[in-house]
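J.: below is the sequence, then the predicted model.
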Amino acid sequence: MEAGHDALQSYLDKWLAAQPAQRVALAFVEPARHPGHVALAALEQEWLGAAYGIREPHVAATKLNWWAEELAGAAESGGRHPLTQVLFDDERAARIGSERWLAPVLAAMAQLEEGTAADFGAQVAAASQLHGALAALETAWWFGDSASPERAARMATLAHLLHALRRLDDDAERDRLPLPMASLARHGLSRDQLRRAGTARNAAARDQLGEITAAWREAARLPGPLSVFRAVESREGERLAQRAMGAAEPLEALQRARPAGGLATTLAAWQAARRWRRAGGA
């Protein structure tokens with residue numbers, strides 16, 4: 001029992017390391033009362049780590065294929081992975097179809113070899129395959145199968161594009177760059193120049209942040225609820241994008257940013273939790 005708890009805690013710690021602001025959300029979604037909600041967030045982080053954090057596509061594909069096999073049999077076996085076991089011990093897992101469980105993993109596998117998008121719209125469309133599938137699963141878990149995942153999907157996609165831009169220095173050698181081809185051409189940027197601070201790189205980053213913040217404002221008008229975790233992530237991401245866009249060195253501002261925390265984040269988490277409970281969430 002102790003070993004199982006330690007394993008779960010290690011995945012929770014990985015998720016919180018990637019999204020430290022979610023420590024605030026845990027006050028409203030206590031792991032002891034809602035273990036499946038926290039396990040799903042940690043599982044999403046595992047999938048994203050495989051999709052984006054592993055540089056060798058064949059290694060990432062092997063890991064994601066393991067997850068596909070795990071999810072395909074979890075309804076009957078209860079799962080082998082600690083996170084799967086927590087999720088499929090909850091009755092709501094059986095109410096979510098197997099295709100919805102598998103969709104994020106299949107989407108992650110499909111995008112492993114994708115190159116740099118042509119423009120911002122193409123970036124959104126490409127990233128929406130994986131992040132939309134994650135949002136659909138998450139929305140069904142939190143609010144039931146009839147709830148629209150549209151707003152959550154767009155906000156999840158934008159949060160990913162912001163995170164990708166934040167990692168531009170690390171990912172400048174990858175086939176899929178955080179800036180679209182149209183932006184690179186407009187600012188005359190080569191791959192080599194992406195690794196070095198400069199006027200053109202700052203301008204391209206600022207343009208990208210402008211696209212992301214404009215899209216975030218539009219996303220707020222889309223239908224559908226947000227989980228407490230998604231609401232906190234979205235608030236933090238939109239705040240960070242707006243702040244970095246106005247900085248002299250936007251990428252440096254992104255990379256040095258720390259989670260805001262404080263009263264505003266707590267209020268956002270509380271409001272999201274209240275909407276969730278009013279919608280019958282448990």
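T.: Done, it's in.
J.: now the helices for the stretch 101-250 of the chain?
T.: Applying DSSP state H, counting those that start in this stretch to the stretch 101-250 of the chain gives helices spanning 120-143, 150-166, 168-171, 181-186, 191-194, 199-219, 228-245, 250-256.
J.: what's the last one packed up against?
T.: Think helix 250-256. helix 150-166, helix 168-171, helix 199-219, helix 228-245 (3 or more C-beta pairs under 8 Å, 6 or more residues apart in numbering; DSSP states H and E). In this view, the C-beta of every residue, glycine as well, is placed from N, C-alpha and C.
J.: what mean pLDDT does the longest one have?
T.: Confidence over helix 199-219, taken as the mean pLDDT, stands at 96.
J.: one step back: need the helices of the stretch 101-250 of the chain in JSON lines (columns: distance to residue 111 and mean neighbour count).
T.: Formatted as JSON lines, these follow (distance: least, C-beta to C-beta, whole Å; neighbours: other C-beta atoms under 10 Å):
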{"stretch": "helix 120-143", "distance to residue 111": "6", "mean neighbour count": "22"}
{"stretch": "helix 150-166", "distance to residue 111": "11", "mean neighbour count": "23"}
{"stretch": "helix 168-171", "distance to residue 111": "14", "mean neighbour count": "16"}
{"stretch": "helix 181-186", "distance to residue 111": "17", "mean neighbour count": "16"}
{"stretch": "helix 191-194", "distance to residue 111": "20", "mean neighbour count": "15"}
{"stretch": "helix 199-219", "distance to residue 111": "19", "mean neighbour count": "18"}
{"stretch": "helix 228-245", "distance to residue 111": "20", "mean neighbour count": "22"}
{"stretch": "helix 250-256", "distance to residue 111": "23", "mean neighbour count": "18"}
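J.: would you reformat those as a markdown table and include distance to residue 15?
T.: Formatted as a markdown table, the helices of the stretch 101-250 of the chain follow (distance: least, C-beta to C-beta, whole Å):
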| stretch | distance to residue 15 |
| --- | --- |
| helix 120-143 | 13 |
| helix 150-166 | 14 |
| helix 168-171 | 20 |
| helix 181-186 | 31 |
| helix 191-194 | 29 |
| helix 199-219 | 22 |
| helix 228-245 | 9 |
| helix 250-256 | 20 |
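J.: quick one: closest of the ones you listed to residue 31.
T.: helix 228-245 (12.1 Å; C-beta to C-beta).
J.: may I have that closest one as CSV, with CA atoms only?
T.: Taking C-alpha atoms only, helix 228-245 is exported to CSV below (Å, rounded to 0.1, in the frame of the first residue of the first chain):
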residue,chain,number,x,y,z
VAL,A,228,-10.6,23.6,-12.0
PHE,A,229,-7.2,22.6,-13.3
ARG,A,230,-7.8,23.9,-16.8
ALA,A,231,-9.2,27.2,-15.5
VAL,A,232,-6.1,27.7,-13.4
GLU,A,233,-3.8,26.8,-16.3
SER,A,234,-5.7,29.2,-18.6
ARG,A,235,-5.6,32.1,-16.3
GLU,A,236,-1.9,31.7,-15.6
GLY,A,237,-1.1,31.3,-19.3
GLU,A,238,-3.1,34.3,-20.5
ARG,A,239,-1.6,36.5,-17.8
LEU,A,240,1.9,35.3,-18.7
ALA,A,241,1.4,35.9,-22.4
GLN,A,242,0.1,39.4,-21.9
ARG,A,243,3.0,40.3,-19.6
ALA,A,244,5.7,38.8,-21.9
MET,A,245,4.2,40.6,-25.0
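J.: what's that helix packed up against?
T.: So helix 228-245, by 3+ C-beta pairs under 8 Å, 6+ apart, packs with helix 22-25, helix 35-53, helix 150-166, helix 199-219, helix 250-256, helix 262-278.
J.: nearest to residue 11, of those?
T.: Between residue 11 and the helices and strands packed on helix 228-245, the tightest spacing by C-beta to C-beta is seen for helix 35-53, at 4.2 Å.
J.: in whichever helix or strand comes after that closest one, what counts as buried?
T.: As assigned by DSSP states H and E, the chain's next helix or strand after helix 35-53 is helix 57-77. By 16 or more other C-beta atoms under 10 Å, the buried positions in helix 57-77 come out as 60, 61, 63, 64, 67, 70, 71, 74.
J.: I'd like the distance between residue 273 and residue 37.
T.: 11 Å (C-beta to C-beta, to the nearest Å).
J.: pLDDT weak spots in this structure?
T.: Scanning the chain for pLDDT under 70 picks out 1-6, 259-261, 281-282.
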